[in-house]
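In: what's the 3D shape of this:
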Amino acid sequence: MLHHIIVKFNDDITPERKKEIAAQAAALFEGLRQMPGIHDVALHTSCIDRPNRYDLMIAISMDKDALPSYDDCKIHHKWKADFGEFIKSKAIFDCE
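Out: Below is the predicted model:
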């Protein structure tokens, strides 16, 4: 399964700061690679900086039954606690 987190940062965040935040998120999510059931983690930043575009996509390849463990893990909780203030909106999308 692919678990996607698609993020739109707050309007007042500069393109330079968006890059910094994305790098910090990448470092955080790298820790998921040690978690059972997680196969891969990839972060993608938008190559177009427009108001109608999302800024960051986090794609996590995992076993379906690993989702509850991911939801409860420290990395997921740290993501929400430390990065939530930068997020205007987000979408979660899971697919095979």
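In: what residue lies at the spatial centre of the protein?
Out: What sits nearest the mean C-alpha location of the chain, by Cα atoms, centre = their mean, is Ile58, with 3.8 Å.
In: Name the nearest residue to that one, sequence neighbours excluded.
Out: Leaving out its chain neighbours, the residue that sits closest to Ile58 by Cβ to Cβ, 6 or more residues apart in numbering is Ile5, at 4.3 Å. C-beta coordinates here come from the backbone N, C-alpha and C atoms, glycine included.
In: Give me the contact list for stretch 69-88.
Out: Stretch 69-88 is contacted from outside by 3, 7-11, 13, 21, 24-25, 28-29, 31-32, 35-38, 60, 62, using Cβ atoms under 8 Å, 6 or more residues apart in numbering.
In: In strands, which of the residues you listed appear?
Out: The subset of these located in strands under the criterion DSSP state E comprises His3, Val7, Lys8, Phe9, Ile38, Ile60, Met62.
In: beta partners of the third one?
Out: Going back to what we said before, that points to Lys8. Ser89 (DSSP bridges).
In: For the longest helix seen in the chain, give the mean pLDDT please.
Out: Secondary structure of the chain per DSSP state H: the longest helix is helix 15-30. Regarding helix 15-30, the rounded mean pLDDT is 97.
In: For that helix, list the C-alpha coordinates in CSV.
Out: Below are the C-alpha coordinates for helix 15-30, written out as CSV (Å, rounded to 0.1, in the frame of the first residue of the first chain):
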residue,chain,number,x,y,z
PRO,A,15,9.9,29.3,-0.6
GLU,A,16,13.3,29.1,1.3
ARG,A,17,11.5,28.2,4.5
LYS,A,18,9.4,25.6,2.7
LYS,A,19,12.7,23.9,1.7
GLU,A,20,13.9,23.9,5.2
ILE,A,21,10.7,22.5,6.6
ALA,A,22,10.7,19.8,3.9
ALA,A,23,14.3,18.8,4.8
GLN,A,24,13.4,18.6,8.5
ALA,A,25,10.4,16.4,7.6
ALA,A,26,12.6,14.2,5.4
ALA,A,27,15.0,13.7,8.3
LEU,A,28,12.2,12.8,10.6
PHE,A,29,10.4,10.4,8.3
GLU,A,30,13.7,8.6,7.5
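In: Sweet, I'm off.
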